[in-house]
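Peer 1: Need coordinates for the below:
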Amino acid sequence: MEVLKGSTGMTGDFIKITNLKVFAHHGVFPEETRDGQDFYVNAKLFLDCRKAGKTDNLSDSLNYGEVSHFITDFLQDHTYKLIESVAEQLAEAMLLSMPVLKGVEIELCKPHAPIGLPFENVSVTMKRQWHEVYLAVGSNLGDKNAYIGNGIDELRRIKEIKEVRVSELLVTKPYGGVEQDDFVNGAIALKTLLSPQELLEKLHEIEQHANRERIIHWGPRTLDLDIIFYDKLVYEDENLIIPHIDMQNRDFVLKPLAELCPNYRHPVLGKTVSQLLGELKER
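Peer 2: The predicted structure follows:
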């Protein structure tokens, strides 16, 4: 079962490029990649335009001429079978190459697709954006600080992750009733292009590199990385719940999190991180 609520959608200002014509070589059939055909691209570029609107200075915005050439060059320099792949890879390349972009909406049109029937157009539309994420990190085996530091370094090396910020690390007592050594805990803020499940897979890979073993529930571990918040998303499936289901009862999560985002509001409980920490201290 998967439950998905809340908003990760893009809102606000955008620049729009309409029907950019590009001759390129994409398609399942050999003649498509050999002979090529015309594609049309519609792009919404989400960014904060207020400063540019006030200063009238191009350096405070995005040069849509340069973006149009970027799209054209990308479509002509690569070859994919599926227009889904073209749109996916183009969106990622734009977001990785243009720091001012918060997100993009790409519609890739293929009006000359070899369908063999009368039609006007075939297209795919994709929305991709940077997501705001908060993680909890902890360790209570071996060189705890080293395990955490190495895990953070691995996060920084993932191309779909940027702007990694780390709280101070705290020494905390074990949680859950299992007798074990004290933990070192902290919080991590980052932005990512990864979906929740893709991010979870990356976190599990990093834990495995630290020789994490999942033997005892709430037991000792070399490295623990948990997703606490992902935008304002409310998400549930077999192996992931967002926001973290028990974070409001864990001071070792709330204390470092309050350092990074004290006013971040829990999308289910409706309270800020600071409020949740204050309530926990009172209990």
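Peer 1: When you work out contacts or count neighbours from here on, use the C-alpha atoms and nothing else.
Peer 2: Will do.
Peer 1: Other residues contacting stretch 181-194?
Peer 2: Stretch 181-194 is contacted by residues 92, 128-141, 144-145, 160-174, 220, 252-253, 256-257, 260 when judged by Cα atoms under 8 Å, 6 or more residues apart in numbering.
Peer 1: go on, stretch 245-263?
Peer 2: Stretch 245-263 has contacts (Cα under 8 Å, 6+ apart) with 134, 136, 165-170, 172, 185-189, 228, 272-274, 276-277, 280.
Peer 1: With just CA atoms, put it into CSV.
Peer 2: C-alpha atoms of stretch 245-263 as CSV (Å, rounded to 0.1, in the frame of the first residue of the first chain):
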residue,chain,number,x,y,z
ILE,A,245,6.5,8.3,12.5
ASP,A,246,8.1,8.7,16.0
MET,A,247,10.2,11.8,15.6
GLN,A,248,8.0,13.9,17.9
ASN,A,249,9.0,11.6,20.8
ARG,A,250,12.7,11.6,20.2
ASP,A,251,14.7,14.5,21.7
PHE,A,252,17.9,13.2,19.9
VAL,A,253,16.0,13.9,16.7
LEU,A,254,14.3,17.2,17.7
LYS,A,255,17.3,18.9,19.3
PRO,A,256,19.6,18.8,16.3
LEU,A,257,16.7,19.4,14.0
ALA,A,258,15.7,22.5,15.9
GLU,A,259,19.2,23.9,15.2
LEU,A,260,18.7,23.5,11.4
CYS,A,261,14.9,24.3,11.0
PRO,A,262,13.3,25.5,14.2
ASN,A,263,10.3,26.9,12.4
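Peer 1: In it, which residues are buried?
Peer 2: For stretch 245-263, burial by neighbour count (16 or more other Cα atoms under 10 Å) applies to 247-248, 251-262.
Peer 1: Quick check: bridge partners of residue 129?
Peer 2: Using DSSP bridges, the bridge partners assigned to residue 129 are residue 103.
Peer 1: any idea of the pLDDT on it?
Peer 2: Note on residue 129: pLDDT of 98.
Peer 1: I'd say it and residue 10 touch.
Peer 2: Yes: judged on Cα atoms under 8 Å, residue 129 makes contact with residue 10 at a distance of 7.4 Å.
Peer 1: and the two? which has more neighbours close in?
Peer 2: Remark: of residue 129 and residue 10, residue 129 carries more neighbours, 21 against 17, as counted by other Cα atoms under 10 Å.
Peer 1: Now do the more buried one against residue 105, distance only.
Peer 2: 9 Å (Cα to Cα, to the nearest Å).
Peer 1: So which residues of the stretch 1-150 of the chain form strands?
Peer 2: Using DSSP state E, counting those that start in this stretch, the strands found in the stretch 1-150 of the chain span residues 3-5, 14-24, 37-46, 103-109, 123-129, 131-139.
Peer 1: partners of the third one in the sheet?
Peer 2: Read it as strand 37-46. Here strand 37-46 has these sheet partners by DSSP bridges: strand 14-24 (antiparallel), strand 103-109 (antiparallel).
Peer 1: what's the closest of the ones you listed to residue 74?
Peer 2: For residue 74, the closest of the strands paired with strand 37-46 is strand 14-24, at 9.5 Å, according to Cα to Cα.
Peer 1: Just the C-alphas of that closest one, formatted as PDB.
Peer 2: Only the C-alpha atoms of strand 14-24 are listed here, as PDB (Å, rounded to 0.1, in the frame of the first residue of the first chain):
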ATOM      1  CA  PHE A  14       8.400  30.900 -14.000                       C
ATOM      2  CA  ILE A  15       9.800  31.700 -17.400                       C
ATOM      3  CA  LYS A  16       8.100  29.800 -20.300                       C
ATOM      4  CA  ILE A  17       9.600  28.700 -23.600                       C
ATOM      5  CA  THR A  18       7.000  27.500 -26.100                       C
ATOM      6  CA  ASN A  19       7.400  25.300 -29.100                       C
ATOM      7  CA  LEU A  20      11.200  25.400 -29.400                       C
ATOM      8  CA  LYS A  21      11.900  23.400 -32.600                       C
ATOM      9  CA  VAL A  22      14.800  21.000 -32.500                       C
ATOM     10  CA  PHE A  23      15.900  18.500 -35.200                       C
ATOM     11  CA  ALA A  24      17.300  15.500 -33.400                       C
END
